[in-house]
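Asks: Quick one: sequence plus predicted model below, questions after.
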Amino acid sequence: MIRYKSNLPNNLTVLRLVLIPVFVVLIELESFVWAAALFAIAAITDYLDGYLARKLKLVSDFGKLMDPLADKLLVMSALIMLVGQRDLFNAAPYVPAWIVVMVLARETWVTGLRGLAASSGKIVAASSAGKIKSFLQMLAIVFLLLHRMPLFEIASYEINANFIGMRLLIVSLVFSYWGALEYTFLILGSDKTQVDLEE
């Protein structure tokens, strides 16, 4: 049985979970700047809990399970809430629903593969691929929350936060599916007990 043990890395993971409903309420209240700030704080705890767990030698079964789960819940909560927000100029959603479907499908597939790997006794070692995907997703969400906030101009064309956010999200989607494809071949096509690829 996996038990919660109170230490700094695990507490940061739990804090990230606790912040999700607060984040959702802020979006419902259309407090997007505060929501972006809170999401950024939650994203920073994602980096800190893993780093501190390794640095302080506090890696636990609870952290291994709940850390990636908290990340997925945070990202999916944000994307789903952004689908429900409408642009004042053209009534388009902040994030198209098809992108959220693709992200959710990918995460469900990879989670299933992880379960299959675990049942076969395979150990999935971390690499930088998953961290890049998560970083791009979280950075994209911060920009998307700020939506039409102007950032700079290029040849008299105003670049706003949504412009940057959508492109980061698309790039993260490409990385995400590329990683999932590699992950699929390594998990289903390898008899090794050590698989060196992060989700």
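Replies: Received, thanks.

Asks: which secondary element of this protein has the worst mean pLDDT?
Replies: Sorting the helices and strands of the chain by mean pLDDT, DSSP states H and E puts strand 194-196 at the bottom, at a mean of 47.

Asks: Show me the helices in the protein, by range?
Replies: 8-28, 32-55, 61-83, 97-119, 128-146, 161-189 (DSSP state H).

Asks: for the ones you listed, which one sits closest to residue 152?
Replies: Among the helices of the chain, the nearest to residue 152 by Cβ to Cβ is helix 161-189 (9.8 Å). Yep, even glycine has a C-beta here, placed from its N, CA and C like the rest.

Asks: and the angle for the closest one with helix 61-83?
Replies: 140 degrees (axes from the mean of the first three to the mean of the last three Cα atoms, to 10 degrees).

Asks: Output the contacting helices and strands for helix 161-189.
Replies: Where contact means 3 or more Cβ pairs under 8 Å, 6 or more residues apart in numbering; DSSP states H and E, helix 161-189 is packed against helix 97-119, helix 128-146, strand 150-154.

Asks: which one of these lies closest to residue 181?
Replies: Comparing those by Cβ to Cβ, helix 97-119 comes nearest, at 10.0 Å.

Asks: could I get that closest one in PDB with only the CA atoms?
Replies: C-alpha atoms of helix 97-119 as PDB (Å, rounded to 0.1, in the frame of the first residue of the first chain):
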ATOM      1  CA  ALA A  97     -11.400  21.500 -28.200                       C
ATOM      2  CA  TRP A  98      -9.600  19.300 -30.700                       C
ATOM      3  CA  ILE A  99      -6.300  20.100 -29.100                       C
ATOM      4  CA  VAL A 100      -7.600  19.100 -25.700                       C
ATOM      5  CA  VAL A 101      -8.900  15.900 -27.100                       C
ATOM      6  CA  MET A 102      -5.500  15.100 -28.600                       C
ATOM      7  CA  VAL A 103      -3.700  15.900 -25.400                       C
ATOM      8  CA  LEU A 104      -6.100  13.800 -23.300                       C
ATOM      9  CA  ALA A 105      -6.000  10.900 -25.800                       C
ATOM     10  CA  ARG A 106      -2.200  10.900 -25.700                       C
ATOM     11  CA  GLU A 107      -2.000  11.000 -21.900                       C
ATOM     12  CA  THR A 108      -4.600   8.200 -21.600                       C
ATOM     13  CA  TRP A 109      -2.600   6.100 -24.100                       C
ATOM     14  CA  VAL A 110       0.800   6.700 -22.300                       C
ATOM     15  CA  THR A 111      -0.700   6.100 -18.900                       C
ATOM     16  CA  GLY A 112      -2.000   2.700 -20.200                       C
ATOM     17  CA  LEU A 113       1.400   1.900 -21.500                       C
ATOM     18  CA  ARG A 114       3.000   2.800 -18.200                       C
ATOM     19  CA  GLY A 115       0.600   0.400 -16.500                       C
ATOM     20  CA  LEU A 116       1.400  -2.300 -19.000                       C
ATOM     21  CA  ALA A 117       5.100  -1.700 -18.400                       C
ATOM     22  CA  ALA A 118       4.700  -1.900 -14.700                       C
ATOM     23  CA  SER A 119       2.700  -5.100 -14.900                       C
END
